[in-house]
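In: have a look at this prediction, sequence included:
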Amino acid sequence: MATAHARPTTARGPRLPASLTPAVLRRLAGRVSAAPDAARVTTSAPYTGVPLADLPVSTPADVEGAFARARTAQRAWAATPLAERRKILLRYHDLVLARQDEVLDLMQAENGKTRRDAFLEVVDIGIVSRYYARNAARYLAPRRRRGAIPLLTHTTEVRHPKGVVAVISPWNYPLSMAASDTLAALTAGNAVVQKPDTQTALTALWSMELMYEAGLPEGVWQMVIGRGSSIGGALMDNADYMMFTGSTATGREIASDAGKRLIGASLELGGKNPMIVLEDADIEKAAEGAVAACFPSAGQLCVSVERLYVAESVRDAFVAAFTARTKRLRIGAAYDYGVDVGSLTTPAQLKTVTEHVGDAVAKGATVLAGGRARPDLGPLFYEPTILTGVTPDMTLHAQETFGPVVSVHSFRDVDDAVEQANATAYGLNASVWSRDGRRGRAVAARVHAGTVNVNEAFAAAWGSVDAPMGGMGDSGLGRRHGAEGILKYTEPQTIAHQRVLGFTPPRRVAPETWAAVLTGGLKALKALGVR
């Protein structure tokens, strides 16, 4: 059983960066909306397992209070000219880039990912904040619409903020998922009450603090901490809109509860994402792309690839190149750019990965690389793992592993590849590799997924923030990014001003005469090609 290269570390792992002083950690924890005598919860650093943050736990009453304050703040915020809101967003953009080392340290300490993976979150937030600052006016401005009667009906569509949006963000991408959806909601004139995952709450609190430093009025963005089973009900009961990123099971519950309240919800959920390598692909580039697709953030990425489908004619060459690259990956704990794969984040995730691989091997799968935990590096490390011979009776064949594990399969022709790729209840992200861009795009259009990348893993679609991003099927509903990413946080209103004549007959005109006039008008409009 082959292993990836390990970067030497001490038995206790690296110390926390100097930037994460007790005073900094206390200051960030003090941003949580909770009572002074609140219960506390302690998180641990994945690299070492040592205690990291001591956070107050919010109660349902604390959540109620946060919403009350947010509603008051939101009224003034919605009345703030959009030009001022955009300036705050651009200042936030500059602050994130200027002080990125602070949040890179935080993300690594809380999540266990490598610095290069953490940096991509900084890039993401820079792109998203600039995009909505530059484009919000275009999306939110009143728009003239065709009136019912040409020249006589003046119709305008206007956009109003929903009110107070609840954002529930996960631990795997603690800056991107905490900030990107929130930025769009704030720019649209909403207030936000957010529940980040407790494990990575410091990163979310840092982002909120920076937004206040950029000029956001106090109370417009608030943070609560606690289990969903404790405060989830209070979030749902008070929200005007729900934004959730997490598991499909929880997403179903949120969708059901939102439906009962008749409020909107946007849900990015799980995935079992495929990558297709066509016979005309550049094998070396495809193998390099597969590494980037399968193992970022130790595979704890909703859009990462867990299923690889390779044309039979190039399977052996691809597998050899992919396996060789995977074995060369440097795995370890370091607060610099010196390693390729970091740690898993929680013991529960390590347990899932270990059980999925163990089940597959016990039922006949072959391990080409990795396949084992690395407690010598830290409590939650697991090697990048490639499996072949994975069959439907194995747990990881269809269930999301959410770790550094991928299964390799082969296909006969394009129809077979598409059929296998689509043989899942999920539909979040996919990747297609071909030297022929037109062919690659044609195959991509046949894959059942909200985003499909050609000759890229996931970054091309994710980074194209002018286009919508989200899932099909069990991968969720709604979209982030693009027009929908901000308009979903608004209520559209139609204002129609009827002038001179309407649909009712004028005085002294018989109804049957007026009906004939309108009928003739409709025929004329059709003949003239009026839409």
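Out: Right, received. Where do you want to start?
In: CA atoms of whichever helix or strand residue 349 is part of as PDB?
Out: Residue 349 is part of helix 347-362, with elements assigned from DSSP states H and E. The C-alpha coordinates for helix 347-362 follow below in PDB (Å, rounded to 0.1, in the frame of the first residue of the first chain):
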ATOM      1  CA  PRO A 347     -13.100  13.200  14.300                       C
ATOM      2  CA  ALA A 348     -16.500  12.500  12.700                       C
ATOM      3  CA  GLN A 349     -15.100  13.200   9.300                       C
ATOM      4  CA  LEU A 350     -12.100  10.900   9.900                       C
ATOM      5  CA  LYS A 351     -14.500   8.200  11.100                       C
ATOM      6  CA  THR A 352     -16.500   8.500   7.900                       C
ATOM      7  CA  VAL A 353     -13.500   8.300   5.600                       C
ATOM      8  CA  THR A 354     -12.000   5.400   7.500                       C
ATOM      9  CA  GLU A 355     -15.200   3.500   7.500                       C
ATOM     10  CA  HIS A 356     -15.900   4.100   3.800                       C
ATOM     11  CA  VAL A 357     -12.400   3.000   2.700                       C
ATOM     12  CA  GLY A 358     -12.500   0.000   5.100                       C
ATOM     13  CA  ASP A 359     -15.900  -1.100   3.800                       C
ATOM     14  CA  ALA A 360     -14.700  -0.900   0.200                       C
ATOM     15  CA  VAL A 361     -11.500  -2.800   0.800                       C
ATOM     16  CA  ALA A 362     -13.300  -5.500   2.700                       C
END
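In: all strands of the stretch 51-200 of the chain, in order?
Out: In the stretch 51-200 of the chain, the strands defined using DSSP state E, counting those that start in this stretch lie at 51-56, 143-145, 153-161, 164-169, 191-196.
In: and of those, who's closest to residue 303?
Out: Among those, strand 164-169 comes nearest to residue 303, with 15.7 Å by C-beta to C-beta. C-beta here means a position set from N, CA and C on the backbone, and glycine is covered the same way.
In: kindly export that closest one (C-alpha atoms) in PDB.
Out: Taking Å, rounded to 0.1, in the frame of the first residue of the first chain, the C-alpha atoms of strand 164-169 are listed here in PDB:
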ATOM      1  CA  VAL A 164     -33.500  39.900   7.900                       C
ATOM      2  CA  VAL A 165     -31.800  36.900   6.200                       C
ATOM      3  CA  ALA A 166     -30.600  33.800   8.200                       C
ATOM      4  CA  VAL A 167     -27.400  32.400   6.900                       C
ATOM      5  CA  ILE A 168     -26.200  29.000   8.200                       C
ATOM      6  CA  SER A 169     -22.700  28.300   7.000                       C
END
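In: pull out the buried residues from it.
Out: Within strand 164-169, the residues that count as buried by 16 or more other C-beta atoms under 10 Å are 164-169.
In: likewise stretch 223-233?
Out: 223-226, 228, 231-232.
In: out of the residues you listed, who's nearest residue 389?
Out: Using C-beta to C-beta, those come closest to residue 389 at residue 228, 37.7 Å.
In: wait, what's in contact with that closest one?
Out: 168, 195, 250 (C-beta atoms under 8 Å, 6 or more residues apart in numbering).
In: now swap in residue 34 and tell me
Out: So residue 34 contacts 56-59, 62, 224-225 (C-beta under 8 Å, 6+ apart).
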